[in-house]
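Q: Sequence first, predicted coordinates after that:
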Amino acid sequence: MFESAPVLCAVRLVLSFLVLAAAAIAPAQERKINVIAFGAHPDDCDNRAGGIGIKYAAAGHRVRFVSVTNGDAGHQTQGGGALAARRRAEAQEAGKRIGVEYVVLDNHDGELLPTIPVREQIIRQMRQMNADIVLAPRPNDYHPDHRYTGILVQDAAYMVTVPNICPDTPSLRKNPVFMYFEDNFQKPSPFSPDIAVSIDDVIDKKINMLDAHVSQYYEWLAWHDGVADQVPKDAAARRAWLKKGWAREPRPAVREALVRWYGPEKGRQTKYAEAFEVCEYGSRPGPAELRRLFPFFPDSPR
Ligand SMILES: [Zn+2]
């Protein structure tokens with residue numbers, strides 16, 4: 001009996017070490033990341049963040065894409081409620097294809113303004129999601145809806161933490177990290193990627209998501225670009241056409257960010273990427289926090 005005491009002690013020691021080790025590992029594994037992206041139109045979030053949406057969803061994190069307008073104007077032959085209903089159904093289908101929630105707010109397309117009621121809609125969305133990361137366009141863009149979506153999200157970036165604003169939805173105790181989608185506008189300053197994620201492994205899934213927006217890519221945008229007669233009829237050929245026209249090599253600044261995050265080999269080989277710039281409002285993550293929030297790198301915590 002006495003002889004077994006040291007053995008028991010050793011077993012207890014090993015067990016408590018295992019418990020401590022598990023506790024140390026658990027937070028990184030179990031902490032789900034809540035990501036919400038705001039685009040002006042049903043397809044904007046997909047375009048800029050569909051690839052990481054696929055990756056977060058596949059890893060069990062929660063993702064919501066929000067279209068701030070209902071898309072009821074951008075079409076050459078349709079419009080109004082019928083178009084809005086079609087766009088909403090396409091967005092739902094796109095979300096279903098990659099496993100993210102898709103919300104379409106009922107604001108008119110082409111008429112978005114940074115008003116208090118729309119700001120409140122956005123604050124509620126962020127709060128409902130208990131967002132860790134908020135993605136949105138920068139507020140300089142050719143399209144007024146994109147521009148005001150950027151402004152609306154910036155305007156919500158502090159108010160989301162103020163309890164007396166939208167008291168029907170509990171305020172966030174921790175301000176999320178706000179990040180901008182990539183764009184190519186140069187004034188007043190070019191997009192400066194703080195992080196770039198390779199989406200080579202999910203590019204076909206992303207194209208499949210975009211493919212759900214039939215009224216956009218195969219009708220409206222094709223017509224607007226004067227290439228409507230080039231859209232193939234066959235579904236597979238149409239997806240291939242979409243990929244050819246849409247998918248592009250990373251821009252030089254994004255390539256640099258890829259090399260920074262992946263190292264020179266993978267950074268230079270990556271064909272498709274999504275990149276994001278940290279907004280100066282909201283929480284300001286350091287490199288370690290960014291790595292935790294974007295768990296897509298070889299040495300990221302899992
Ligand atoms: Zn748009």
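A: Yes, it's here.

Q: Every contact and neighbour count from this point should use C-alpha atoms.
A: Will do.

Q: Adjacent strands (with direction) for the biggest strand by length in the chain?
A: Longest strand of the chain, by residue count under DSSP state E: strand 273-282. Strand 273-282 pairs in its sheet with strand 177-181 (antiparallel), strand 195-198 (antiparallel), by DSSP bridges.

Q: Those into JSON lines, with extra columns for mean neighbour count?
A: Below are the strands paired with strand 273-282 laid out as JSON lines (neighbours: other Cα atoms under 10 Å):
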{"stretch": "strand 177-181", "mean neighbour count": "25"}
{"stretch": "strand 195-198", "mean neighbour count": "24"}
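
Q: Which among those is found nearest to residue 84?
A: When the strands paired with strand 273-282 are compared by Cα to Cα, strand 177-181 sits nearest residue 84, at 24.4 Å.

Q: For that closest one, output the C-alpha coordinates as PDB.
A: Extracted C-alpha coordinates of strand 177-181, given in PDB (Å, rounded to 0.1, in the frame of the first residue of the first chain):
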ATOM      1  CA  VAL A 177     -11.300  45.000 -35.200                       C
ATOM      2  CA  PHE A 178     -12.500  47.000 -38.300                       C
ATOM      3  CA  MET A 179     -10.800  46.200 -41.600                       C
ATOM      4  CA  TYR A 180     -11.200  47.400 -45.100                       C
ATOM      5  CA  PHE A 181     -11.700  45.400 -48.300                       C
END
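
Q: Touching it from outside, list them.
A: By Cα atoms under 8 Å, 6 or more residues apart in numbering, the residues outside strand 177-181 that reach it are 48-49, 132-138, 157, 275-285.

Q: ok so, going back, extract the C-alpha trace of the longest strand of the chain and format it as CSV.
A: The C-alpha coordinates for strand 273-282 follow below in CSV (Å, rounded to 0.1, in the frame of the first residue of the first chain):
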residue,chain,number,x,y,z
ALA,A,273,-5.5,36.4,-52.6
GLU,A,274,-7.8,38.5,-50.4
ALA,A,275,-6.2,41.3,-48.5
PHE,A,276,-7.4,43.7,-45.8
GLU,A,277,-6.3,46.9,-44.2
VAL,A,278,-6.8,47.7,-40.5
CYS,A,279,-9.1,50.7,-39.9
GLU,A,280,-7.8,53.3,-37.4
TYR,A,281,-11.1,53.1,-35.5
GLY,A,282,-12.2,50.2,-33.3
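
Q: buried set for that strand?
A: Of all the residues in strand 273-282, those buried under the rule 16 or more other Cα atoms under 10 Å are 273, 274, 275, 276, 277, 278, 279, 281, 282.

Q: moving C-terminal of it, what's the next helix or strand?
A: The first helix or strand that comes after strand 273-282 along the chain, using DSSP states H and E, is helix 287-293.

Q: quick one: what helix or strand has residue 151 in it?
A: Applying DSSP H and E as the criterion places residue 151 in helix 144-159.

Q: now the angle between strand 177-181 and that helix, please.
A: Orientation of helix 144-159 against strand 177-181 (axes from the mean of the first three to the mean of the last three Cα atoms, to 10 degrees) gives an angle of 170 degrees.

Q: If you average the pLDDT over helix 144-159, what comes out?
A: Per-residue pLDDT over helix 144-159 has a mean of 98.

Q: And stretch 117-137, by the same measure?
A: On average, the pLDDT along stretch 117-137 is 98.

Q: Next: stretch 288-298.
A: Stretch 288-298 shows an average pLDDT of 93 in the prediction.

Q: what about it, start to end distance?
A: 14 Å (Cα to Cα, to the nearest Å).

Q: which parts of that stretch are buried?
A: Neighbour-count burial for stretch 288-298 [16+ other Cα under 10 Å]: 290, 291, 292, 293, 294, 295, 296.

Q: quick one: which of the residues you listed is nearest to residue 258?
A: Residue 258 has its nearest neighbour among these in residue 296, at 12.0 Å by Cα to Cα.
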